[in-house]
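Visitor: Coordinates for the following, if possible.
(2 chains)
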Amino acid sequence: MDKEQIYAVIKKHLLENVEDLQEADIDPQKSMKDYGANSLDIIEVVSCAMRELNIKIPRSELAEIKTIDELTNKFVANSSVES
Amino acid sequence: MDNILDYSLADFQFNDNPDVLAPPEDFETWINDQRISYCFSFFEQQLLRAPRSSTEILSNLDGQKRKVINLTSYNYLGLSSHPEVIQAAHEALDRYGLGASGAPLLSGTFDVHVAFAKKLAEFKQKEDCLLFSNGLAGNMGAMQGILRKGDVLILDEKCHKSLVDGGTLSGAKMLFFEHNNVDSLVMMLEKSRGKRVLVAVEGVYSMDGDLVKLPEVVAACERYRAAIYIDEAHSTLMFGPNGRGVAEHFGLEDKMGVTFGTFSKSFGGVGGFICSNARLIRYLKCYSSPYHFSCAPSPVLVAGLMKALEVATRDSSLRDKLWENVRYMKRRLLDLKLDLAGTESQVIPIIIGSSGEKLFQMATQLQQRGLFLQPVDFPAVPAHARRFRISVSSQLTKEEMNEACNIIEDVVVAGLKK
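Guide: Numbering: from 1, shown residues only, chains lettered A, B, ... in the order given. Below is the predicted model of the structure:
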């Protein structure tokens, strides 16, 4: 799965979990928090995306990630290892 | 799962096992790993005596009984085993029997419940008080009873799970602000304009031991006309000139819309309470589920707690002794050049860092040396700041504190240098 597809999955779950967010507004260089996601929303987005992508990354490795793009890259790296 | 030590309890919340009565399969693999089982062996170790500053445990490490200096129990003022408290509970047991045998609205309200709630309301300088059988349920029940869908709950990101769970249950929108960062709070208040807003903070934050920046929080909330809920679980009976808590310490009690306290820490029992205006308390008696639908707290416990309140507030001797011990412990630990994370209270963390392995090695050695000081691991605290957390008690003697610090020096200071 390439980066574009992984980003699409993250974006889909972000839109499902954050109120009043439009797809066109999402800038991957920003944090989910910038769009009003609280820590529980972020757990939901990350967990649902990992489940759909069939990847598993320890939370301790995700704690320092700041932006949606960094999260996508982390998923890309783990996705290629898994497949 | 080849990197098993990188996983934690943060990774298994979601469960897609087709069998609804089974945990996630990878959770089973993880928790049955010998190294993880070892870490879990620190949980649920049995205390064989009262949680005094010296007590006895049945160690899960080797199955042996071990006499220990206790730096872990929340018995901050030693009230769980105070002779007058025990006597009051004994007398109540003879008079009332073991339990309340009913929900408060039907048959669970005894004279001691009414008297104790009245004393607590007077103590906290509020109009009325609601008692809960369980502290976590108190916070949850307050959030669930006060807030509705369409409301906004703004919480400090380090607020306790009970407040978060209560917020979830209420259906209110939850916004978290950066810990003790008033600019971040203001951003959230700005986003919530036009809504009913409750801001939740804690007097003492339980993992770092720091205080809420209450004057700044109050100023921001007044600007946006938001109500404040303060959780004084780790500060009631200890902070302020009269022990009423951190709001008293800052001289801002009248600005607190609701004040919460627990009975499981300085009071030495179990349960929780909220104090607020009489109209809200009357409403919550009807709509806060953990109050309305649970059995009332045992009258034995309530009689003991009422005596604990009296003992702790008739003079300042217990809290004076506590602060003397806190100052002594802090000085000794700072002399050892340990990172205490800016604590301002009787909760003193010792930051170990990112290595879980190191944390549990040290935890083992501390216990083998006779110190009951539990490790706190991710996700309870950030992965880069795993720690030990000391709960200082007024019961600690100078000898116990010296011995504890010697053990910490031999194990923790030496371990951090490796």
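
Visitor: Which residue is the nearest non-sequential neighbour of residue 3?
Guide: Looking at chain A here, since you left the chain open. Spatial nearest neighbour of A:Lys3, chain neighbours left out: A:Val76 (5.0 Å); criterion: C-beta to C-beta, 6 or more residues apart in numbering or on different chains. For the C-beta atoms, the positions are set from N, CA and C on the backbone; glycine is no exception.

Visitor: look at chain B instead
Guide: Closest to B:Asn3 by C-beta to C-beta, 6+ apart is A:Pro58, at 7.1 Å.

Visitor: Let me see the backbone angles for that neighbour.
Guide: Phi and psi for A:Pro58, reported as degrees, to the nearest 10, are phi -60, psi 140.

Visitor: right, and it touches B:Ile4 too?
Guide: No: look at A:Pro58 against B:Ile4 with C-beta atoms under 8 Å: they stay out of range, at 9.4 Å.

Visitor: ok so, going back, return the residues in contact with the residue nearest to B:Asn3.
Guide: Residues in contact with A:Pro58 (C-beta atoms under 8 Å, 6 or more residues apart in numbering or on different chains) are B:3, B:6-8, B:10-11.

Visitor: Confirm for me that B:Ala308 is in contact with B:Gly268.
Guide: Yes: using C-beta under 8 Å, B:Ala308 makes contact with B:Gly268 at a distance of 5.7 Å.

Visitor: which residues are common contacts for these two?
Guide: Residues touching both B:Ala308 and B:Gly268 (C-beta under 8 Å, 6+ apart): B:77, B:79, B:82, B:85.

Visitor: Would you format the contacts of A:Pro58 as JSON lines with secondary structure and pLDDT included?
Guide: Output for the contacts of A:Pro58, formatted as JSON lines (DSSP: H, G, I helix; E, B strand; the rest coil; pLDDT from 0 to 100):
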{"residue": "B:Asn3", "secondary structure": "coil", "pLDDT": "85"}
{"residue": "B:Asp6", "secondary structure": "helix", "pLDDT": "88"}
{"residue": "B:Tyr7", "secondary structure": "coil", "pLDDT": "91"}
{"residue": "B:Ser8", "secondary structure": "coil", "pLDDT": "91"}
{"residue": "B:Ala10", "secondary structure": "helix", "pLDDT": "89"}
{"residue": "B:Asp11", "secondary structure": "helix", "pLDDT": "91"}
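
Visitor: tell me which element residue 16 is part of?
Guide: Picked chain A for this. Per DSSP states H and E: A:Glu16 is located in helix A:3-17.

Visitor: was after chain B, sorry
Guide: Applying DSSP H and E, one finds B:Asp16 in no helix or strand.

Visitor: and chain B, which residues reach chain A?
Guide: B:1, B:3, B:6-8, B:10-11, B:13-14, B:16, B:26, B:157, B:164, B:168, B:173-176, B:191, B:378-379, B:382-384 (C-beta under 8 Å from any C-beta of the partner chain).

Visitor: can we see that at 6 Å?
Guide: Residues of chain B lying close to chain A by C-beta under 6 Å from any C-beta of the partner chain are B:6-8, B:10-11, B:14, B:174, B:176, B:378, B:383.

Visitor: what's the burial count for B:Glu216?
Guide: Using other C-beta atoms under 10 Å in any protein chain shown, B:Glu216 is surrounded by 15 other residues.

Visitor: Now do the contacts for it.
Guide: B:Val182 (C-beta atoms under 6 Å, 6 or more residues apart in numbering or on different chains).

Visitor: ok, it to B:Asp231 distance?
Guide: 17 Å (C-beta to C-beta, to the nearest Å).

Visitor: burial of B:Phe42, as a residue count?
Guide: 18.

Visitor: residues contacting it?
Guide: Here B:Phe42 is in contact with B:Ala363 (criterion: C-beta under 6 Å, 6+ apart).

Visitor: Could you give the backbone dihedrals for it?
Guide: Residue torsions, per degrees, to the nearest 10, at B:Phe42 are phi -80, psi -20.

Visitor: do the one 5 residues further on as well
Guide: With angles defined as degrees, to the nearest 10, B:Leu47 sits at phi -90, psi 140.

Visitor: likewise B:Leu21?
Guide: Per degrees, to the nearest 10, the backbone of B:Leu21 is at phi -90, psi 10.
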